[in-house]
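S.K.: quick one, what's the 3D model for this:
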Amino acid sequence: MKQSFVIFSIVCFLVLVFQYKVFSQLKFSEIMYSPVNDMPEWIELYYSANDTPMDSIQITIGDITKDYSISVLPKRPFSFIVIVKDSALLKQYITIPDSSLLIEAKIPSLNNTGDSLFIKNQDGDIIDTFFYKGNWAKPGISLERADFNSPADNSTNLIQCKSLDSSTCGIANSNFPSSIDTSIITEQLIISPNPFSSNSPTKNKCIIKIAPYSKVENIEIRIYDINANLVLKRNLSENYNQTDALEFEWNGLNVNDFQLQAGAYPIIVSWTEVNSRKIVTLRSIIVIAN
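M.R.: Numbers count the residues shown, from 1 in each chain. Sure thing, here's the model as predicted:
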């Protein structure tokens, strides 16, 4: 009987240690507190543990006025969790990668002038906080956390998103100092012919060749005009077999299949390295000639 009690006590202790470890790995990552048009407000968390919990994690997200209970089951280690009241509406503006968890749930109203947020575990203990002022990000641009090991309560660690998409919802933050590789590696991104022209009989389209050095996922191409408007966005992960280079053919049409006019079009290609979880971002220019 005594031995059974000791075993039971050890099991309970291990469960508590595991729960504490899981809860301690949930951090505020990014918020959209001043959206434009009809985009809803949203909150992004980061799960930094190197394992995936077997059961849902019960947490509370709140501000000084109200708390909201949320059940969270991260899809994988080192992943992002996006929480929004209307997920269908959010998907009209943002593509959430399959590697991230999208949860539809009530969240605190994010005041445009500033607010204080917190995450509590199921015992009511605060495990993370997020304090911001309204002038730290412009309307329509998200506010990102640059360092998870530093408090999220100052303009040095909470920084306006640098991405041309105005947010990094569901992917690594643009202000991460160590996880983002923004160097241009020409061997990994080759565009030919460049320039090209829809009026040319032989050079009326370009081939965008992508050749990562290691096993990757979430391969995405984004093409912009000179005013930073997104004209085309494609996720190519489903067509990548991890062994050969990946090629994407572009004929100068935008997302609505309209021919773009002559000019320079910035292109951003990004992917996630499976082993290191580093986000690699390559940038170049595609020129459409007359």
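
S.K.: F196 against I288, yeah?
M.R.: Yes: counting by C-beta atoms under 8 Å, I288 is a contact partner of F196 at 6.7 Å. In short, each C-beta sits where N, CA and C put it, glycine included.

S.K.: now for those two: what residues contact both?
M.R.: G252 (C-beta atoms under 8 Å, 6 or more residues apart in numbering).

S.K.: domain ranges for the protein, per the record?
M.R.: 23-160, 180-288 (automatic domain parsing).

S.K.: please list all residues in contact with the nearest residue to A245 once chain neighbours are set aside.
M.R.: Take A245 and drop its neighbours on the chain: the residue closest to it by C-beta to C-beta, 6 or more residues apart in numbering is A211, 4.0 Å away. For A211, the contact set (C-beta under 8 Å, 6+ apart) comprises 187-190, 245-246.

S.K.: and A211, what's its pLDDT?
M.R.: A211 carries a pLDDT value of 85.

S.K.: please enumerate the strands of the stretch 51-200 of the chain.
M.R.: 57-62, 67-72, 79-84, 101-104, 114-120, 126-133, 143-145, 158-160, 180-181, 189-192 (DSSP state E, counting those that start in this stretch).

S.K.: tell me which of these sits most buried.
M.R.: strand 143-145 (a mean of 25; mean count of other C-beta atoms under 10 Å).

S.K.: what pairs with it, parallel or antiparallel?
M.R.: Here strand 143-145 has these sheet partners by DSSP bridges: strand 26-32 (antiparallel), strand 158-160 (antiparallel).

S.K.: next, format those strands as CSV and append distance to L45 and mean pLDDT.
M.R.: Converted to CSV, these look like this (distance: least, C-beta to C-beta, whole Å; pLDDT from 0 to 100):
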stretch, distance to L45, mean pLDDT
strand 26-32, 6, 95
strand 158-160, 15, 95
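
S.K.: dump these to CSV, plus distance to K75.
M.R.: Shown next, in CSV, are the strands paired with strand 143-145 (distance: least, C-beta to C-beta, whole Å):
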stretch, distance to K75
strand 26-32, 14
strand 158-160, 26
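
S.K.: let me know which of the ones you listed is tucked in deepest.
M.R.: Most buried among those, given mean count of other C-beta under 10 Å as the contact rule, is strand 26-32, at a mean of 25.

S.K.: what packs against the helix or strand following it?
M.R.: As assigned by DSSP states H and E, the chain's next helix or strand after strand 26-32 is strand 42-47. With contacts taken as 3 or more C-beta pairs under 8 Å, 6 or more residues apart in numbering; DSSP states H and E, strand 42-47 sits against strand 26-32, strand 79-84.

S.K.: and the residue lying closest to Q261 once chain neighbours are set aside, bridged to which residues?
M.R.: With sequence-adjacent residues excluded and distances taken as C-beta to C-beta, 6+ apart, Q261 is closest to I288, at 7.3 Å. Beta-bridge pairing for I288 (DSSP bridges): F196, G263.

S.K.: surely L45 touches L26?
M.R.: Yes: L45 lies in contact with L26 (C-beta under 8 Å); the separation is 5.6 Å.

S.K.: still on that earlier bit, so which of the contacts of A211 comes closest to D147?
M.R.: Q188 (27.6 Å; C-beta to C-beta).

S.K.: low-confidence ranges, the stretch 1-150 of the chain, go.
M.R.: For the stretch 1-150 of the chain, the stretches flagged by pLDDT under 70 are 1-24, 50.
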